[in-house]
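Peer 1: Whatever this is, show me its structure:
(one chain, ligands or ions: 1)
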Amino acid sequence: MRSVPPLTAPFGGCEIDSVASKRFAIRTYGCQMNVHDSEKVATLLEDSGLSAADGEGDADVLVINTCSIRDKAEHQLYSDLGKLRAWKAEKPGRVVGVGGCVAQQVGDKLLGRFDHLDFVYGTHNLRKVPAMLEQADRGQRAAWVDEEASQDRFDLPMRRPDAPVGRRHKAFVTVMEGCDMFCSFCIVPSTRGREISRVAVEIEAEVAALAEQGIREVTLLGQTVNAYGRHDVRRGKAATVGTMPFAELLARLDAIPGIERIRYTSPHPLFYDDALIRAHGELAHLCPHVHLPVQSGSNRILEAMRRRYTRERYFEIVDALRAARPDIAITSDLIVGFPGESEADFEDTLGLVERAGLVDSFSFKYSPRPGTTAADMAGEVPAEIAQDRLERLQSQQKAQTLAYHETRVGQTSLVFVDGESRKGQGQLSGRDPHHRVVNVDVAPEAPVGPGDALVVDLVAATPHSLLGRPVDPALQPVPRD
Ligand code: SF4
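Peer 2: Predicted structure coming up:
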């Protein structure tokens, strides 16, 4: 590992004018944690005087924020970096940096392999990016991938009020990082490090400040977000450290004026307790949606995955959540073709999707990740069988999602508008409290846009979205003859 010099300004801001006048772009792969990390890096760079480019073609600095959850991620990075040689050569002074999970895993070997790469930063080292950029401007290349085990890793600047227009009403807030679960298929504990929970007063202060900026919806982030505070609570140190059980944190955030919606992702089934389930029935702003990864419906496969719960326990949680909040929408993540998965195991997964009433799911074919215990397991499922299972699962899920959407038609809902829908033509798109996409046709001159809350009647359903009509007649489009 090569070192970077001491930071020259708060959060490592740049003092060299030639750096501060640069324009940057960030290419982000992967999960919401990565999206949020990219937002933090963008804020660090903006606070250092750089400005966001209109696109990569227009940028002087390009940062690739990588993901390693699928096997193609590393190859994708190498392909991206290969192509960026020409991008860098087009304009003198251009800088290329790589961060995220692949950077954490591969570290400074990336610098050896790509001589046009200027800096590499790990998942705990976002604060170092401005200083590394400053070094790059002096022709020095650096990699920084140390694990940061203190609260310092959370000490990052607040998001700026001039965030992209589609995100001015909602924000991510990190509450914990890392993972101690070591599921047999997952590389995250190696790339994100050990679990650490952020001090609660810092989280409350951030959410209150976001509310003052006009943010109405916060999504609390953590690799196992509902494990928040658990180590401190178990050791009797929560009061000293400043953490608490997750349900208590939710209650505190629920009381912050201006925050209308609270979501959290991703929880682990193991960390649902009575208090968290009750919170879903009691907290006014906690959304009626939980994304609760299950991965498989087979107890045999769950054990091989080292998930530490059974399908029966998963059903107990789902049933308890529905008892607490009858309209709750539950979505999940699923893997097919895990080593040793038989047809009967897979049918257990199909059965779970139905029994749990999953409103939607992300499903993937298993791919071995080097460094995980599952990568060495026998019983590889042939690719064509895994593909067939994926298609059957997705087909069942599509039908279930449509059936759920159809139950919503006729209801009134509140949509926070994110922007134009994919269809365009003035149609707006946003999310309802259940995290479903709702597209809304509005009159061309209607004074509504990103960040507005729109009360709609849900009038039609597809497997991917709902169609809403504004309840206010003044916002409705004029019907065609
Ligand atoms: S809980 Fe399992 S799947 Fe989730 S991040 Fe941790 S190791 Fe990975």
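
Peer 1: Who is the closest residue to V102 other than its chain neighbours paired with across the strands?
Peer 2: The shortest distance from V102 to any residue other than its chain neighbours is 3.8 Å, reached at T66 (C-beta to C-beta, 6 or more residues apart in numbering). To be clear about C-beta, it is placed using only N, CA and C from the backbone, and glycine gets the same treatment. Taking DSSP bridges as the rule, T66 bridges to G100.

Peer 1: quick one, what contacts T66?
Peer 2: When contacts are counted by C-beta atoms under 8 Å, 6 or more residues apart in numbering, T66 touches 29-30, 34, 73-74, 76-77, 98-103.

Peer 1: Now, these that are in helices?
Peer 2: 34, 73-74, 76-77, 100-103 (DSSP state H).

Peer 1: and which of those is nearest the ligand?
Peer 2: Closest to the ligand out of these is C101 (10.8 Å), distances taken as C-beta to the nearest ligand atom.

Peer 1: Tell me the spacing between T331 and R261.
Peer 2: Distance of T331 to R261, given as C-beta to C-beta, to the nearest Å: 16 Å.

Peer 1: One more: G357?
Peer 2: 22 Å.

Peer 1: And for L117?
Peer 2: Going from L117 to R261 by C-beta to C-beta gives 40 Å.

Peer 1: so what pLDDT did the residue nearest to V102 get?
Peer 2: Reading off the confidence values, T66 has pLDDT 93.

Peer 1: again with F364
Peer 2: At F364, pLDDT is 95.

Peer 1: Please point out which parts of the helix or strand it falls within sit buried.
Peer 2: Assessed by DSSP states H and E, F364 sits inside strand 360-365. Buried residues in strand 360-365, counting neighbours by 16 or more other C-beta atoms under 10 Å, are found at 360-361, 363-365.

Peer 1: Check which helices and strands that strand is in contact with.
Peer 2: Secondary-structure packing of strand 360-365 (3 or more C-beta pairs under 8 Å, 6 or more residues apart in numbering; DSSP states H and E): strand 329-336, helix 383-408.

Peer 1: Which among these is found nearest to H435?
Peer 2: Within the helices and strands packed on strand 360-365, the stretch nearest H435 is strand 329-336; the backing value is 6.6 Å (C-beta to C-beta).

Peer 1: how about that closest one against the ligand, any contact?
Peer 2: No - no part of strand 329-336 sits close enough to the ligand to count as contact by C-beta under 6 Å from any ligand atom; the gap is at least 8.3 Å.

Peer 1: What average pLDDT does whatever helix or strand comes next after that strand get?
Peer 2: Downstream of strand 329-336, the first helix or strand assigned by DSSP H and E is helix 343-355. Across helix 343-355, the average pLDDT comes to 98.

Peer 1: Quick check: residues of the stretch 151-300 of the chain near the ligand?
Peer 2: Contact residues (C-beta under 6 Å from any ligand atom) of the stretch 151-300 of the chain with the ligand: 179, 181-183, 186, 188-189, 223-224, 268.

Peer 1: From those, keep the buried residues only.
Peer 2: 179, 181, 183, 186, 188-189, 223-224, 268.

Peer 1: and M305, what is it in contact with?
Peer 2: So M305 contacts 183-185, 295-296, 335, 338, 374 (C-beta under 8 Å, 6+ apart).

Peer 1: show me the residues around the residue nearest to G229 when sequence neighbours are not counted that make contact.
Peer 2: Leaving aside its chain neighbours, G229 sits nearest to T243 (3.7 Å; criterion: C-beta to C-beta, 6+ apart). Applying C-beta under 8 Å, 6+ apart, we find T243 in contact with 197-200, 228-229, 232-233, 249.
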